[in-house]
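1. Got a predicted structure plus its sequence, pasted below:
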Amino acid sequence: MKPPLLIRSQVAPISACKLATAAYDVNAMSLRHWSVFFLVFLGLGFSTGCSRREGSEKPPQLALKLPPAGFAPESVTELSLAKNDARSNDIWTARLVRTTRQSDWQVTSAPQGADLPDRLADSTFINHLMDLVSQLMVVEQAPNGPLSNFGLENPLFTLRWRSEGAGQIEQELRIGDTASDGQGVFAQALVGGKLSHPAVIRGSALQMLGMVRDFSVLRRRRIATFDPDDVDHFELWQGGKRKWQAERAGDDWKEPRSGRLYSAEAGRTLEQLTFLRAESFADSPDEAKKIRERLEKSAEYRARFFDREGHATEFQVGSWDGKIWARISTRVDGAFSVPVEAMKPWLLPAPTPVSPTRAGAKSAPK
């Protein structure tokens, strides 16, 4: 039996004597052994050919002087943000969706699958981030090389988002190492459903991503869900008794019973209450429930806010075990630790009315 041609083509010429010896050895081998030998080499040749064909397909390139991903920020309805910073062990993924209120975002999937009692996200931060992502610019193509050369084998940040419209378009942006110029970073984006060749991008979104020290940056730390301009009447209560109240009088605030205008201190108190930020979140559902129930029952300090339609929102503050806790009725399941400054509006004397009601100012309905 002759050896397969594939093997013969890969050996050097041999003498007639050696050839006769080889032929004898071949005849001694079973047909089954040669069949297996032939199939192994055939498989290796086939896989090598396939690898060459697949490797020859180059990834698409991002267009220079254009954003790596074109989209309308206001159309984004879902966002997945992953961070992979092995040096600080800050490794997590979070998913957020825009709620029915066009400007509000909610956390639908937290890192490590945590069951967060309060899922409200920092909508202002996220909307601004996506606006800046849409303005990123591709400045140059990266040289050829493995993804690890550009920090893209395990990207520092990966953003995936969907925009409303036909087919719910999905886009992706991967952020790697800082480029040699120190101003841009290496990145990849989806082009026609395929990841692009690495490129250098620049833009303010990179600085904003640098502010994402951990997942909590994406959460809404400002406790109130409304602005001072939305308030038409507010009251401060301490120990079950109303300490003072104010009604809107145009651009000023007045004492409801006398109609006399307050000093600017009343407006500053409202701003302090509505812009108060949480130091931390009670993220255990059981702990958050206990804090809420205790505040609802026996909070020492309370503030009530009424909008122009008379809808009330209550803010409660109490302290125990060396911490100051707060909750607000518009964030039903949330409980927050707050700084000691949170109690300042109740500890200061009530503002004193200083002048008669300005002509034309209208009292808010009681």
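-> The structure has been received and is ready for your questions.

2. what are the bridge partners for the spatially most central residue of the chain, then?
-> Centroid-nearest residue in the chain: residue 81, 4.7 Å away (criterion: C-alpha atoms, centre = their mean). For residue 81, the beta-bridge partners are residue 94, residue 159 (DSSP bridges).

3. try residue 314
-> residue 304.

4. How much space separates it from residue 153?
-> 51 Å (C-beta to C-beta, to the nearest Å). Glycine gets a C-beta too; all of them are placed from N, C-alpha and C.

5. if you count what's nearby, which of those two comes out ahead?
-> Set side by side, residue 314 and residue 153 show more neighbours around residue 314, with 17 against 10, by other C-beta atoms under 10 Å.

6. Isn't that one up against residue 303?
-> Yes. Using C-beta atoms under 8 Å, residue 314 makes contact with residue 303 at a distance of 7.3 Å.

7. Which parts of the stretch 201-350 of the chain are strands?
-> Under the criterion DSSP state E, counting those that start in this stretch, strands of the stretch 201-350 of the chain are mapped to 233-238, 241-249, 252-254, 261-262, 280-281, 301-306, 312-320, 323-328, 336-337.

8. Now do the second one against strand 301-306, angle only.
-> Okay, so that is strand 241-249. Orientation check (axes from the mean of the first three to the mean of the last three C-alpha atoms, to 10 degrees): strand 241-249 against strand 301-306 gives 30 degrees.

9. Next: the first one.
-> Here strand 233-238 points in a direction 170 degrees away from that of strand 301-306 (the same axes, to 10 degrees).

10. elements contacting strand 233-238?
-> When contacts are defined as 3 or more C-beta pairs under 8 Å, 6 or more residues apart in numbering; DSSP states H and E, strand 233-238 sits against strand 241-249, helix 265-274, strand 301-306, helix 344-347.

11. how about the helices in the chain?
-> Using DSSP state H, the helices of the chain run over 5-8, 16-28, 31-55, 123-133, 204-210, 265-274, 285-298, 344-347.

12. looking at these, which one has the lowest mean pLDDT?
-> Ranked by mean pLDDT, the helices of the chain end with helix 5-8 at the bottom, a mean of 28.

13. For residue 4, give me the pLDDT.
-> 35.

14. ah, wrong one, I meant residue 276
-> 97.

15. Same check on residue 138?
-> In the predicted model, residue 138 carries a pLDDT score of 98.

16. What sits closest to it if chain neighbours are left out?
-> Spatial nearest neighbour of residue 138, chain neighbours left out: residue 62 (4.7 Å); criterion: C-beta to C-beta, 6 or more residues apart in numbering.

17. any idea how far residue 75 is from the one you found?
-> Counting by C-beta to C-beta, the gap from residue 62 to residue 75 is 21 Å.

18. So the two - more neighbours on which side?
-> For the pair residue 62 and residue 75, the greater number of neighbours falls to residue 62 (23 against 14), based on other C-beta under 10 Å.

19. residue contacts, the more buried one?
-> Counting by C-beta atoms under 8 Å, 6 or more residues apart in numbering, residue 62 touches 68, 138, 141, 189, 191, 196, 197, 199.

20. PyMOL command for the buried members of the residues you listed?
-> Buried residues among those (16 or more other C-beta atoms under 10 Å), as a PyMOL selection:
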select buried, resi 68+138+189+191+196+199
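
21. Take the contacts of residue 62 and write them to a markdown table, including distance to residue 270.
-> As requested, those are exported to a markdown table (distance: C-beta to C-beta, whole Å):
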| residue | distance to residue 270 |
| --- | --- |
| 68 | 43 |
| 138 | 46 |
| 141 | 54 |
| 189 | 45 |
| 191 | 50 |
| 196 | 50 |
| 197 | 54 |
| 199 | 49 |
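
22. Residue 243 against residue 345, yeah?
-> No. Counting by C-beta under 8 Å, residue 243 stays clear of residue 345, with 9.1 Å between them.

23. okay, and the common contacts of those two?
-> Shared contacts of residue 243 and residue 345, counting by C-beta under 8 Å, 6+ apart, come down to residue 236.

24. quick one: which of those two has more around it?
-> Using other C-beta under 10 Å as the criterion, residue 243 and residue 345 rank with residue 345 on top: 23 against 16.

25. Does that one touch residue 302 like I think?
-> No. Contact between residue 345 and residue 302 fails when scored by C-beta under 8 Å: they sit 10.9 Å apart.

26. Give the residue spans of the stretch 101-250 of the chain that score low on pLDDT.
-> Scanning the stretch 101-250 of the chain for pLDDT under 70 picks out the ranges 101-102, 166-168.
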